[in-house]
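J.: Output the structure for:
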Amino acid sequence: METNWRLVHYNLNERGEIMKNNKTKTMTLVGMLCAIAYVVMVIGRIPIVLFLKYEPKDVIITIGGFLLGPIYAFIISTIVSFIEMFSVSDTGIIGCIMNIISSCSFACTAAVIYKKRHNVKGAIIGLLSGFGIMVIIMLMWNYYITPIYMGYPREAIAKMLLPAFLPFNLIKGGINAAVTFLLYRPVVNTLCKAGLIDSAQQLKTENISKRRGATLIGSLILASCVFGILVLQGII
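T.: Numbering: from 1, shown residues only. Down below sits the predicted model:
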């Protein structure tokens with residue numbers, strides 16, 4: 001009995017250490033993703049149309065959601081948005097809420113679907129679904145909320161929905177979907193080598209970006225978005 005009790009006690013301790021190590025890795029990974037998302041947000045802003053600028057932080061947030069689940073996509077988005085509000089943003093709490101809603105509508109939607117269908121098809125469906133939902137939600141936000149905090153008449157904002165806000169959100173969602181799909185597997189491989197995720201997670205991504213057709217589609221979407229930016233900027 002005493003030997004069995006010691007064996008059980010040892011197994012419980014071992015499980016506890018594994019859980020503790022996993023929590024530590026998760027916290028480290030979340031912190032790292034938050035830092036990267038903030039940095040790319042600050043240095044990677046690309047003017048698209050009018051005052052609207054693309055920020056690549058949603059790519060990092062979505063990768064975090066694919067790795068850790070939709071709850072962590074929400075956590076990373078919230079942390080980065082709050083830091084942005086107190087550092088580089090001039091839109092205050094309204095802008096912070098807008099950033100969280102925009103990021104989560106894309107990243108959390110994609111992560112939920114990918115969690116249920118952990119393969120290349122699930123990744124594509126998740127990214128496209130997040131793309132569509134983000135565009136719809138942000139158009140509604142622009143129509144109902146933007147006039148309040150920017151002081152513009154709603155009629156003026158309504159006239160900007162199709163020529164400005166819609167193409168901006170289409171380009172933003174397309175870039176986020178394409179870049180996330182193309183970068184996810186290389187990021188997973190790098191994190192596995194760094195010991196921040198286990199090899200099981202790496203094996204789950206073997207099909208992601210492995211199919212040439214899907215990779216080609218992602219590349220074409222990205223190229224189309226870049227072309228759209230050049231057109232809106234009047235370069236082409």
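
J.: Contact partners for Ala160?
T.: One correction, residue 160 is Met, not Ala. Under the criterion of CB atoms under 8 Å, 6 or more residues apart in numbering, the neighbours of Met160 are 50, 142. Bear in mind the C-beta positions are built from the backbone N, C-alpha and C, glycine included.

J.: And it, how far from Glu55?
T.: Met160 is 20 Å from Glu55, where distance means CB to CB, to the nearest Å.

J.: Sketch out the low-pLDDT regions of the protein for me.
T.: 1-21, 196-214, 217, 233, 236 (pLDDT under 70).

J.: Now for the spatially most central residue of it: which residues touch it?
T.: In the chain, the residue lying closest to the centroid (CA atoms, centre = their mean) is Thr62, at 2.6 Å. Thr62 makes contact with 73, 106-107, 110-111, 127, 130, 176, 180 under the criterion CB under 8 Å, 6+ apart.

J.: what's around the residue lying closest to it once chain neighbours are set aside, how many residues?
T.: With sequence-adjacent residues excluded and distances taken as CB to CB, 6 or more residues apart in numbering, Thr62 is closest to Ala107, at 4.2 Å. By other CB atoms under 10 Å, 32 other residues sit near Ala107.

J.: Tell me the spacing between Ala107 and Glu155.
T.: 33 Å.

J.: what do you get for Ile100?
T.: Ile100 sits 28 Å away from Glu155, going by CB to CB.

J.: So which residues of the protein form helices?
T.: Residue ranges of the helices in the chain, as given by DSSP state H, are 2-43, 57-68, 70-87, 92-116, 120-144, 146-150, 154-160, 166-193, 199-204, 212-232.

J.: what sits against Tyr38?
T.: Contact partners of Tyr38, counting by CB under 8 Å, 6+ apart, are 57, 80, 83-84.

J.: Only the C-alpha atoms, please, for stretch 88-107, written as PDB.
T.: Extracted in PDB, the C-alpha atoms of stretch 88-107 (Å, rounded to 0.1, in the frame of the first residue of the first chain):
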ATOM      1  CA  VAL A  88       0.600  55.500 -30.000                       C
ATOM      2  CA  SER A  89      -3.100  55.800 -30.500                       C
ATOM      3  CA  ASP A  90      -5.000  59.100 -30.300                       C
ATOM      4  CA  THR A  91      -8.500  57.600 -30.500                       C
ATOM      5  CA  GLY A  92      -8.800  56.700 -26.800                       C
ATOM      6  CA  ILE A  93     -11.000  53.900 -25.400                       C
ATOM      7  CA  ILE A  94     -13.300  54.000 -28.500                       C
ATOM      8  CA  GLY A  95     -10.300  53.200 -30.700                       C
ATOM      9  CA  CYS A  96      -9.200  50.500 -28.300                       C
ATOM     10  CA  ILE A  97     -12.600  48.800 -28.400                       C
ATOM     11  CA  MET A  98     -12.600  49.100 -32.200                       C
ATOM     12  CA  ASN A  99      -9.200  47.400 -32.400                       C
ATOM     13  CA  ILE A 100     -10.300  44.600 -30.200                       C
ATOM     14  CA  ILE A 101     -13.500  44.000 -32.100                       C
ATOM     15  CA  SER A 102     -11.700  44.200 -35.500                       C
ATOM     16  CA  SER A 103      -8.900  41.800 -34.400                       C
ATOM     17  CA  CYS A 104     -11.200  39.300 -32.600                       C
ATOM     18  CA  SER A 105     -13.800  39.200 -35.400                       C
ATOM     19  CA  PHE A 106     -11.000  37.900 -37.700                       C
ATOM     20  CA  ALA A 107      -8.600  36.000 -35.400                       C
END
